[in-house]
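S.K.: Provide a 3D model corresponding to the input given below.
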Amino acid sequence: MLLGKNLKYLRKSKSMTQEMLAERLGIKRTMISAYEDNRSEPKLSTLKILSEIFSVSLDELLQHDIQSKGRKATQKKDIKILTVSLDQEENENITMVEHKASAGYLNGFADPEYMQKLPSFHLPNLSKNATYRAFEINGDSMLPLVSGTIVIGAYVEQLSDIKSGKTYILITESEGVVYKRVFNYLEENGKLFLVSDNDLYKPYEVLGTDVQEIWEAKAFISTDFPNPKDKTQPTTLEDIAQMIGELRSHIVKTK
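M.R.: Here you go, the predicted model:
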């Protein structure tokens, strides 16, 4: 039975103890232990409360292996209703999120007052049919774009719109603000593979439910000019496909 496994996984993912969950439900802690060990089944009224606490459907809670397969139907999840900055003529600004402000952005991206405090600007030649945001990247995981480069992304409304092999800025609960090449496996297992163009960094996966915002990279601003003699080359898509295959094989073997 999947209820016990799902309940234990969802509880731990929210850093809740059995005592904390029992208090939310108004029952004894031993009942939570019994549910997780499949020694007892919750009443329908309790199941409904559990589905609300963990934002899952009853079908998903009872029938779907959430830990192994990820959340169900995450590819149709709406990311966020955006808070945008406007100029005096009510045109949308490109809000700039510097690396030092990325931690604050995670807590304040839905707060109009916070967003108004961030620097903003305009750029020509960008389609007016999208909302844009600029993020300063940190580190060398996406060479040849160096640390300090500003990547401008167009807002992506749904996870299903992610195109495998394209680069995106992702706002995630677990990793914060990251800029990676993304491969979409949501329909298969509810997960995204994030890949660095610098092959010194290994690919990794995140659950679709972990993603708060997605911005498809459209342009970048850098004060570092490419050096034709620089032998550092970004990883090719063929190399990335091979890395993903090896990583997924390793994941299957270790399950």
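S.K.: Low-confidence bits of the stretch 1-150 of the chain, can you list those?
M.R.: 71-81, 110 (pLDDT under 70).
S.K.: try 50 this time
M.R.: Along the stretch 1-150 of the chain, segments meeting pLDDT under 50 span 73-79.
S.K.: For it, just list every one of the strands.
M.R.: 94-97, 120-121, 132-136, 150-155 (DSSP state E, counting those that start in this stretch).
S.K.: CSV for these, including mean neighbour count?
M.R.: (C-beta placed from N, C-alpha, C; glycine too.) Below are the strands of the stretch 1-150 of the chain laid out as CSV (neighbours: other C-beta atoms under 10 Å):
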stretch, mean neighbour count
strand 94-97, 21
strand 120-121, 15
strand 132-136, 24
strand 150-155, 20
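S.K.: Now those in TSV, please, with extra columns for distance to Ser164.
M.R.: Output for the strands of the stretch 1-150 of the chain, formatted as TSV (distance: least, C-beta to C-beta, whole Å):
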stretch	distance to Ser164
strand 94-97	25
strand 120-121	31
strand 132-136	21
strand 150-155	17
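S.K.: Of those, which is nearest Leu25?
M.R.: Nearest to Leu25, of all those, is strand 150-155, at 37.9 Å by C-beta to C-beta.
S.K.: tell me the angle that closest one makes with strand 132-136.
M.R.: Comparing the axes of strand 150-155 and strand 132-136 via axes from the mean of the first three to the mean of the last three C-alpha atoms, to 10 degrees yields an angle of 150 degrees.
S.K.: Name every strand pairing with strand 150-155 and say which way it goes.
M.R.: strand 132-136 (antiparallel), strand 211-221 (antiparallel) (DSSP bridges).
S.K.: Point out the one among those that comes closest to Met16.
M.R.: Here strand 211-221 is closest among these (C-beta to C-beta), at 20.4 Å.
S.K.: contacting residues around that closest one?
M.R.: Residues outside strand 211-221 that contact it (C-beta atoms under 8 Å, 6 or more residues apart in numbering) are 77, 79-80, 106, 109, 123, 126, 130, 132-135, 145, 149-156, 159, 161-163, 166-173, 179, 192.
S.K.: Buried subset of those, written for ChimeraX?
M.R.: Buried members of the contacts of strand 211-221, defined by 16 or more other C-beta atoms under 10 Å, are picked up in ChimeraX with:
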select :79,106,109,132,133,134,135,145,149,150,151,152,153,154,155,156,159,162,167,168,169,170,171,172,179,192
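S.K.: Contacts only, for the nearest residue in space to Leu207 that is not next to it in sequence.
M.R.: In space, and not counting its chain neighbours, Leu207 is closest to Gly70: 5.1 Å by C-beta to C-beta, 6 or more residues apart in numbering. By C-beta under 8 Å, 6+ apart, Gly70 lies in contact with Leu186, Asn189, Gly190, Lys191, Leu207, Gly208, Thr209.
S.K.: Check these and tell me the two furthest apart.
M.R.: Longest span within these, C-beta to C-beta: Asn189 and Thr209, 12.1 Å.
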